[in-house]
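S.K.: below are the sequence and a predicted model for it; my questions follow.
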Amino acid sequence: MLPSFSPAATAKPTPPPRPIPGSYGMPVLGPLRDRLDFFWFQGPDEFFRRRAAAHRSTVFRANIPPTFPFFLGVDPRAVAVVDAAAFTALFDPALVDKRDILIGPYNPGVGFTGGTRVGVYLDTEEPEHERTKAFTMELLHRSAPKWPTEFRAGVDAMLDAVEADLAKAKAAGGDSPSATFVFPLQQCLFRFLCKALVGADPAADSLVDSFGYLILDVWLALQIVPTQQVGAIPQPLEELLLHSFPLPSFLVWPGYSLLYRFVEKHGAAAVSLAEQEHGIAKKDAINNVLFVLGFNAFGGFSVFLPFLLGKVGEAGDPTGLRPRLREEVRRVLASAGDGEVGFGTVREMPLVRSTVQEVLRLKPPVPLQYGRARKDFVLQSHGGAAFAVAKGELLCGYQPLAMRDPEVFDRPEEFVPDRFLGDDGAALLQYLYWSNGPETGQPAPGNKQCAAKEVVVDTACMLIAELFRRYDDFEVDGVSFTKLDKRPPSTS
């Protein structure tokens, strides 16, 4: 059960609710201006910060792209929410409908998911939601025994590849030798997730093993690029080519079909579980498995883990974090006897866990959360501020600001690795919202909180623990390792 959401709505607020500040501007011109600010002139963070400052309010009206000219049927008008108190309304299924708004008012469509409306696009009041969420949760539960083993094997292969690349870069000379971890990490994630989650070894299909992660990269990009500031090509080309029209799903059909057949053949146990125990048709089961694998798991980890590595591996270690993490990891592993990293061991590493949670606070994998008002209600912010929300209005919560709320967090803009330690730190976990719910909440078939909430944190902790089991120190610049100091072999 989710905790109550008493700060978000009340029948008799004090003071009375006031109109939500802000304007959508003139038709076409207002949305276009906001789109250019969001993607080009300001960027998402500054977009929300400036409007909150201009309106002297953490709740305000704004147009959220994508917009004009070729996004037909997309209404960009939204109520932006950027504080921790009002944000909780987005998690209350009695207040908001989550139908088809995973990435905002724009829905890429079922062409990307084999004709199936997968679970994340369903609202809690739709009959299919509960069965698909229950299936996902059971799939995760059944994967638990092999998850750590497959993850360790994948990380070992990744680090072996990165070590070899870094050694080559050093041998070639140059001022700053480095080795990128992006593709080795994605190969690691794809292979480990296929084995642990789907029960299918990519090695059974050479095309899937070699190109599966690249297929998912393209599949993900075509869906989310219209809503993202990319930076890969200069402006105004990015606006003209990536943000002006929906990207077509047919471009990824050959690759998606390859993955579909792979799951159908080699992930038969997972598909059978969906069919026999949850009453999900075979086609819908495979498409849901692929979405959980590709979007939720592979996509989420591909976004978050590089941020985590970059923060922990920051050059010079300005917070003095790495020696503390190394000491905790090795002490816990030594006391465990077998020296292996797993769910049990990382749950005995409070500093590692707090560090992961702090990076999730600063860089949530999904920065925007959406919900459409089921009814007229009153949205409450800090200090008794209250706003009248009308039925049908779209709420857009920007997590990177809500989780840096100075009313809740001390030094909110700083990376404080031990922020969530002790009783005071535990009390702050209710304001950690990265999983589409508070960290103190529990995923359930009747809510929209991420089914893998605990597994995500544990897996990120395992990655940090594996690094300090293997290395005395490491440094990261961007998405490349620049230093990997191997741990000397034990003399015992």
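M.R.: Right, received. Where do you want to start? This is a predicted model, so every value here is computed, not measured.

S.K.: which ones are touching the residue nearest to residue 306 when sequence neighbours are not counted?
M.R.: Spatially, and ignoring its direct neighbours in sequence, residue 306 is nearest to residue 479 (5.4 Å; CB to CB, 6 or more residues apart in numbering). C-betas here are computed from N, CA, C, even on glycine. The contact partners of residue 479, by CB atoms under 8 Å, 6 or more residues apart in numbering, come to 180, 181, 182, 306, 310.

S.K.: mind doing that once more with 6 Å?
M.R.: 180, 182, 306 (CB atoms under 6 Å, 6 or more residues apart in numbering).

S.K.: which one of those residues sits closest to residue 130?
M.R.: Nearest to residue 130 out of those is residue 306 (CB to CB; 34.1 Å).

S.K.: check which helices and strands the helix or strand hosting the closest one sits against.
M.R.: Element membership for residue 306 (DSSP states H and E) is helix 300-312. Applying 3 or more CB pairs under 6 Å, 6 or more residues apart in numbering; DSSP states H and E, we find helix 300-312 packed against helix 350-362.

S.K.: and for the helix it packs on, what's in contact with it?
M.R.: 307-308, 311, 324-325, 328, 403, 417-421, 432, 434, 457, 460-461, 464.

S.K.: recalculate using a threshold of 7 Å.
M.R.: 307-308, 311-312, 321, 324-325, 328-329, 346, 403, 415-421, 425, 432, 434, 457, 460-461, 464-465 (CB atoms under 7 Å, 6 or more residues apart in numbering).

S.K.: among those residues, which are in helices?
M.R.: Secondary structure from DSSP state H places 307-308, 311-312, 321, 324-325, 328-329, 346, 425, 457, 460-461, 464-465 of the contacts of helix 350-362 in helices.

S.K.: nearest to residue 484 among those?
M.R.: residue 312 (13.3 Å).

S.K.: burial of residue 421, as a residue count?
M.R.: The local packing of residue 421 (other CB atoms under 10 Å) involves 16 other residues.

S.K.: contact partners of stretch 163-173?
M.R.: By CB under 7 Å, 6+ apart, stretch 163-173 touches 177, 178, 179, 481, 484.

S.K.: swap in 10 Å and give it another go.
M.R.: With contact meaning CB atoms under 10 Å, 6 or more residues apart in numbering, stretch 163-173 is reached by 176-181, 184, 470-471, 480-484, 486.

S.K.: next one: stretch 485-492
M.R.: Residues contacting stretch 485-492 (CB under 10 Å, 6+ apart): 163, 326, 330, 339, 468, 469, 470, 471, 472, 473, 474, 475.

S.K.: stretch 320-332 too?
M.R.: Contact partners of stretch 320-332, identified using CB under 10 Å, 6+ apart, comprise 311-314, 317, 339, 341, 344-353, 355, 415, 417-418, 461, 464-469, 471-475, 487.

S.K.: point to the residue nearest the middle of the chain.
M.R.: residue 365 (2.7 Å; CA atoms, centre = their mean).

S.K.: sec struct for that residue, please.
M.R.: With DSSP: H, G, I helix; E, B strand; the rest coil as the basis, the three-state label of residue 365 is coil.

S.K.: now do the phi/psi pair for it.
M.R.: Torsion angles at residue 365 (phi, psi; degrees, to the nearest 10) stand at phi -60, psi -30.

S.K.: ok, it touching residue 453?
M.R.: No. Residue 365 is not in contact with residue 453 according to CB atoms under 10 Å; the separation is 11.7 Å.

S.K.: between these two, what contacts are shared?
M.R.: 434, 435.

S.K.: still on that earlier bit, just the buried residues from the contacts of stretch 163-173, in PyMOL please.
M.R.: Selecting only the buried entries of these in PyMOL, with 16 or more other CB atoms under 10 Å as the criterion:
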select buried, resi 177+178+179+181+184+470+471+480+481+482+484
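
S.K.: chain center to the helix holding residue 306, what's the gap?
M.R.: 10 Å (CA atoms, centre = their mean, to the nearest Å).

S.K.: what's the answer for stretch 230-240, then?
M.R.: For stretch 230-240, the distance to the chain centre is 23 Å (CA atoms, centre = their mean).

S.K.: what's in contact with it?
M.R.: Counting by CB under 10 Å, 6+ apart, 32, 35-36, 39-41, 43, 65, 221, 224-225, 228-229, 241-244 sit against stretch 230-240.

S.K.: before we move on, back to that, distance of the residue nearest to the centre of the chain relative to residue 307?
M.R.: The gap separating residue 365 from residue 307 is 8 Å, by CB to CB, to the nearest Å.

S.K.: cool, residue 217 as well?
M.R.: 17 Å.

S.K.: look at the two and report which has more neighbours.
M.R.: residue 217 (21 against 17).

S.K.: tell me the contacts of the more buried one?
M.R.: Taking CB under 10 Å, 6+ apart, one finds 182, 183, 186, 190, 211, 252, 255, 294, 298, 299, 302 in contact with residue 217.

S.K.: which SSE is it in?
M.R.: Residue 217 is part of helix 206-224 when elements are defined by DSSP H and E.

S.K.: got the buried residues for that helix?
M.R.: For helix 206-224, by 16+ other CB under 10 Å, it's 208-209, 211-213, 215-217, 219-224.

S.K.: now, the most widely separated pair of those?
M.R.: Those two in these that are separated most widely, counting by CB to CB, are 209 and 224, at 25.1 Å.

S.K.: picking that back up, among the contacts of stretch 230-240, which are in helices?
M.R.: Members of these lying in helices (criterion: DSSP H): 32, 35, 36, 221, 224, 241, 242.

S.K.: now for those residues: which two are most distant?
M.R.: Largest separation among those by CB to CB: 32 and 221, giving 23.6 Å.

S.K.: could you report the neighbour count for the closest residue to residue 308 other than its chain neighbours?
M.R.: Spatial nearest neighbour of residue 308, excluding adjacent residues (CB to CB, 6+ apart): residue 359 at 4.9 Å. If you count neighbours by other CB under 10 Å, residue 359 ends up with 23.
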